[in-house]
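mind looking at a prediction? Sequence and model below.
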Amino acid sequence: MKIFSCLNNAPYRPRRVLCVSKLSSLEFLRSRHPDLNEDQILSKLNERGRDPQEILAEHQRQAACEQNLAAVLKKLDINFRIARRIEDAWKFVNWADLVVPIGGDGAFLLASKLIADNTKPMLGINPSVTDGSDVFTLPAKYTTDTESVFERLQAGRYTLLMRSRIRTVMNGEGLYRRPLHTREKIRTQGKIRAEALVRLAERKMALQPRQRILPWLALNEVFVGEFMAARPITLHVGVESHAPYQIRSSGICVCTGTGSRFWYKSINVQSAETVRSIVEIATGDKLSLEETNELLHKYHQALLYSAEDLNMIYMIREIYHTTRCTKRKCCPDRQKCSKLTVKSCGFDAGLVIDGSISLPFNDGATATFDIKPEYSLRSIVLT
């Protein structure tokens, strides 16, 4: 993997650190049930089949990690702020010269939306002891030994990984409506809007610009599809400067090199039974379990590519292969590219950035995706 080396071994001492702490499950439930005490919340969790002790332990690990990091920063005389909600973090991101998400890969992904250029560095600390499967956070040994993180930064014993990110430019109507966070369960269910309010909203949208550069850069992927998973979507997909293809599918996933390790890989995963059957049909040979697993491993590893690569790769999810498709050139299921344009023919579709921020993407709306060096995320890597 290519590592950005311009500032490697250059001593780095942050002056102002923004710590973006994940909201623990217990804190989230407290905010939803302010009338219940902790014992009542844990009892309710137990009734729902969840382990209350694990929920409590997770909260305690999160709190201990916050306290440990705060103590270290005080000791080193570094100014800091701890934000537990992304809305609060926005207030301090320009003030900070280092952003430290406290949580797993999900917390890191969400915090990365705060940074709109490639100059402000990030490093992630995971309060939970993991098996090393996290992509973004520092190794588990730094969870309790946080002081050594800043010692290594000061000594220049770190590397920078410039993770490519996708910029999205949308064209259409209603582009400035409030985005939906995917943690919000209900979008419009149970809400009845008067016709007068609808007309007022339409008049306001008509006065808004018809193009918007989204302020959120995608570190992993952008997904386009219908909100109702059972409903397919028709899209016009233009790769580079070529004429667009019309496709019907369950959606399209546009990902970065970093994202090739996440949902994109999951979409492309094949089972041992599928591989064994294809080889047997093609060659007449029956693979052993060991041979099948070796071939599968090579295939899955080939899906991954460098986090610093300035190309995207798109994957069409469950494409509908029609008879029309067999008579003329079809859109490849997946392909690397530097620019991609997608036009929606959707009914109740959405454009989802990194699985967290969703915007309406219905009939006539267009999105253009590209990657440039200035969109990259400056990620600090320690071993």
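Now that the structure is in, tell me what you want to look at.

tell me where the stretch 1-150 of the chain has helices.
25-32, 38-47, 52-75, 86-89, 105-112, 141-144, 146-155 (DSSP state H, counting those that start in this stretch).

next, format these as TSV and append distance to Ser356 and mean pLDDT.
Just so you know, the C-beta spots here come from the backbone N, C-alpha and C atoms, and that holds for glycine as well. Listed next are those as TSV, based on distance: least, CB to CB, whole Å; pLDDT from 0 to 100:
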stretch	distance to Ser356	mean pLDDT
helix 25-32	15	86
helix 38-47	24	86
helix 52-75	19	94
helix 86-89	9	90
helix 105-112	6	94
helix 141-144	24	91
helix 146-155	26	95
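
Asp333: neighbour count?
Residue neighbour count, defined by other CB atoms under 10 Å, stands at 16 for Asp333.

could you measure from it over to Glu240?
17 Å (CB to CB, to the nearest Å).

swap in Tyr305?
18 Å.

for Ile102, same thing?
Ile102 is 40 Å from Glu240, where distance means CB to CB.

next: Asp77.
Distance from Asp77 to Glu240, by CB to CB: 51 Å.

Leu18 now?
From Leu18 to Glu240 the distance is 38 Å (CB to CB).

these two - which one has more neighbours?
Neighbours were counted for Leu18 and for Glu240 using other CB under 10 Å; Leu18 has more, 27 against 10.

so that one touches Asn94, yeah?
No. In this structure, Leu18 is not within contact of Asn94 by CB atoms under 8 Å, at 9.6 Å.

touching, Ala229 and Ser250? I think so.
Yes. If you go by CB under 8 Å, Ala229 and Ser250 touch, sitting 7.3 Å apart.

more crowded one of these two?
Ser250 (17 against 9).

which ones are touching that one?
Gly225, Ala229, Pro232, Ile233, Arg317, Glu318 (CB atoms under 8 Å, 6 or more residues apart in numbering).

alpha carbons of stretch 147-158, as PDB, please.
What follows is stretch 147-158 as a C-alpha-only set of coordinates in PDB (Å, rounded to 0.1, in the frame of the first residue of the first chain):
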ATOM      1  CA  GLU A 147       0.300   8.900  26.000                       C
ATOM      2  CA  SER A 148       2.600   6.900  23.800                       C
ATOM      3  CA  VAL A 149       0.500   8.000  20.800                       C
ATOM      4  CA  PHE A 150       1.500  11.600  21.300                       C
ATOM      5  CA  GLU A 151       5.100  10.600  22.200                       C
ATOM      6  CA  ARG A 152       5.300   8.900  18.800                       C
ATOM      7  CA  LEU A 153       3.800  11.900  17.000                       C
ATOM      8  CA  GLN A 154       6.300  14.200  18.800                       C
ATOM      9  CA  ALA A 155       9.200  11.900  17.800                       C
ATOM     10  CA  GLY A 156       8.000  11.600  14.200                       C
ATOM     11  CA  ARG A 157       7.400   7.900  14.500                       C
ATOM     12  CA  TYR A 158       4.300   7.800  12.400                       C
END
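
just the C-alphas of stretch 272-281, formatted as PDB.
Extracted in PDB, the C-alpha atoms of stretch 272-281 (Å, rounded to 0.1, in the frame of the first residue of the first chain):
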ATOM      1  CA  ALA A 272     -17.400 -21.900  -1.800                       C
ATOM      2  CA  GLU A 273     -20.300 -23.800  -3.400                       C
ATOM      3  CA  THR A 274     -20.600 -21.300  -6.200                       C
ATOM      4  CA  VAL A 275     -16.900 -21.400  -6.900                       C
ATOM      5  CA  ARG A 276     -16.800 -25.200  -6.800                       C
ATOM      6  CA  SER A 277     -19.800 -25.400  -9.200                       C
ATOM      7  CA  ILE A 278     -18.300 -22.900 -11.700                       C
ATOM      8  CA  VAL A 279     -14.900 -24.700 -11.900                       C
ATOM      9  CA  GLU A 280     -16.600 -28.000 -12.300                       C
ATOM     10  CA  ILE A 281     -18.800 -26.700 -15.100                       C
END
